[in-house]
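J.: sequence plus predicted model, see below.
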Amino acid sequence: MPIQREIDAALYELQHGRTEVARDRLRRLIRQANLLPEQRARAWVTLSDSFFTSVEKRACLMMALDLDPHNVEASRRLGRTTMPPPPGMAPPKPTAPLSGTPRAAKTNLNGYFPVLGISGGPHGDGSGFFVSGSGLVVTTRHVVGSCTTVSVVLAPQRQLQGTVVWSSPALDLALIDTPHTVSNLLDVNSGAQILPDQFITIHGYGQTPLQGRCVAAADGERWFGTDISSLWDAGGGPITNRDNAVVGIATRNEPRAGGGLFGAVLVQLKPYVDRVETRLADGLPRRYCPSCGNSAWVELNAQYCRFCGAAFDETWMR
């Protein structure tokens, strides 16, 4: 059956009060492997109509926007989900409410920790740094690999467990959630222009800073080269300019042309930090996929990642 006809049939079921029938029809449609992203997004938008709580509706609409960022209907509906229901129309109790383990309350981490150690990854110890007051740590995908948890080292004999909540093999970036909030952050200048021959310093946890200069950008706005030839760890530490503002992240991801190390530009990171913080705050159960690095709300019986198709392990449930 054509996609639109299937969606229309689900809408017909909804209009006649057969919510579960419509929901099952749409779920089967979403699972079809031959759908284009924009077609699957339309099904998610329609599925949002089968739920009664704003949390569940928002989850469906955010899934639609992940698949099709230009979906106007999903954007419009997402903006309305925080509005109260019309008078006299109290939402009924959903028949199959979502369940999940609430996140524990975070405690404030006193002190200043400009560079952190990251251990437990596939390439040995790496570095990272806090990038938000909510306790998110940024490092590289090369450092965390396909790990779902790593150890975040604050100081000698002081470490905590961090949960990888997003990563990108293409950008070589990763975000790690920690059980703390922080008050002191590095000066991250995400809009700084990276110029050839600019003075830079690469910082690593427990190591002497390495000083050098930028060379020509390697890949437009995503990477810049340096004349520094080696690191002491697996990378992930901040790269600062003469004003001590962070302008990049050191990476050892291979291979790339040129003889020096590269830095990942920070301008591409902020949208992912904002998205991860929003999702961590809504309390919905999610799965993080170590294969592709994406994390999304899914039904509790999902067996595979909707982004890359990798099979899920129950221990990946968040």
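T.: Yep, that arrived.
J.: contacts, neighbours, all on C-alpha from now
T.: Noted.
J.: quick one, what contacts the residue minimising distance to the centre of the chain?
T.: Centroid-nearest residue in the chain: Trp166, 3.4 Å away (criterion: CA atoms, centre = their mean). Listed by CA atoms under 8 Å, 6 or more residues apart in numbering, the contact set of Trp166 reads 174-176, 276, 288, 293-295.
J.: likewise Val137?
T.: 128-131, 175-178.
J.: can you tell me which of those residues are in helices?
T.: Among the contacts of Val137, none falls in helices (DSSP state H).
J.: Ile239 bridge partners, please.
T.: Ile202, Gly248 (DSSP bridges).
J.: for it, give me the pLDDT.
T.: Ile239 is assigned 94 on the pLDDT scale.
J.: same check on the one 10 residues further on?
T.: Note for Ile249: predicted pLDDT of 94.
J.: next, count neighbours for it.
T.: As a burial measure, Ile249 scores 28 neighbours (other CA atoms under 10 Å).
J.: quick one: it from Lys270, how far?
T.: Going from Ile249 to Lys270 by CA to CA, to the nearest Å gives 13 Å.
J.: which sections of the stretch 1-150 of the chain are below the confidence cut-off?
T.: 1, 53, 55, 80-104 (pLDDT under 70).
J.: that one: strands as residue ranges?
T.: 107-109, 116-119, 126-130, 136-139, 149-155 (DSSP state E, counting those that start in this stretch).
J.: again, but for the stretch 151-300 of the chain
T.: With DSSP E, counting those that start in this stretch as the criterion, the stretch 151-300 of the chain has strands spanning 158-168, 173-177, 180-182, 199-202, 210-213, 223-225, 235-240, 246-251, 262-265, 286-288, 295-297.
J.: which one of those strands lies nearest to Ala43?
T.: Nearest to Ala43, of all these, is strand 295-297, at 15.2 Å by CA to CA.
J.: just give me the closest of the contacts of Trp166 to Gln159.
T.: Ile176 (13.7 Å).
J.: looking at it, the closest one is touching Leu160, isn't it?
T.: No. The pair Ile176 / Leu160 is not scored as a contact, 11.5 Å apart, by CA atoms under 8 Å.
J.: higher neighbour count, those two?
T.: Ile176 (28 against 12).
J.: looking at it, Val164 is touching Asp177, isn't it?
T.: Yes. Contact status for Val164 versus Asp177: in contact at 6.2 Å, counting by CA under 8 Å.
J.: of the two, which one has the most company?
T.: Ranked by neighbour count (other CA under 10 Å), Val164 and Asp177 place Val164 first, with 27 against 22.
J.: need the residues that contact stretch 185-201.
T.: 112, 114, 130-133, 209-217, 224, 239-242, 244-247, 265-267, 270.
J.: try 6 Å
T.: The contact list for stretch 185-201 (CA atoms under 6 Å, 6 or more residues apart in numbering) reads 210-216, 239-241, 245-247, 266-267.
J.: are any of the residues you listed buried, and which?
T.: 211-215, 239-241, 245-247, 266-267 (16 or more other CA atoms under 10 Å).
J.: next, format these as TSV and append distance to Ile30.
T.: Output for the buried ones among the contacts of stretch 185-201, formatted as TSV (distance: CA to CA, whole Å):
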residue	distance to Ile30
Gln211	51
Gly212	50
Arg213	49
Cys214	46
Val215	46
Ile239	42
Thr240	45
Asn241	47
Ala245	45
Val246	42
Val247	40
Leu266	34
Val267	33
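J.: and the residues you listed, which is closest to Ser151?
T.: Ile239 (21.7 Å).
J.: ok, that closest one - contacts?
T.: 201-202, 246-249.
J.: and the residue nearest to Pro179 when sequence neighbours are not counted, how far from Pro2?
T.: Nearest residue to Pro179, sequence neighbours excluded (CA to CA, 6 or more residues apart in numbering): Lys106, at 5.2 Å. Between Lys106 and Pro2 the distance is 48 Å, computed by CA to CA.
J.: neighbour count: these two, which is higher?
T.: Lys106 (13 against 6).
J.: so the more buried one versus Ser183, what's the distance?
T.: 13 Å.
J.: what do you get for Gln4?
T.: 50 Å.
J.: got it, and Leu195?
T.: From Leu195 to Ser183 the distance is 31 Å (CA to CA).
J.: can you check Gln39 too?
T.: On the measure of CA to CA, Gln39 and Ser183 end up 43 Å apart.
J.: same deal with Glu73?
T.: 38 Å.
J.: pretty sure Gly235 contacts Gly124?
T.: No. In this structure Gly235 lies outside contact range of Gly124 using CA atoms under 6 Å: 9.7 Å.
J.: more crowded one of those two?
T.: Per other CA under 10 Å, whichever of Gly235 and Gly124 has more neighbours is Gly235, with 32 against 14.
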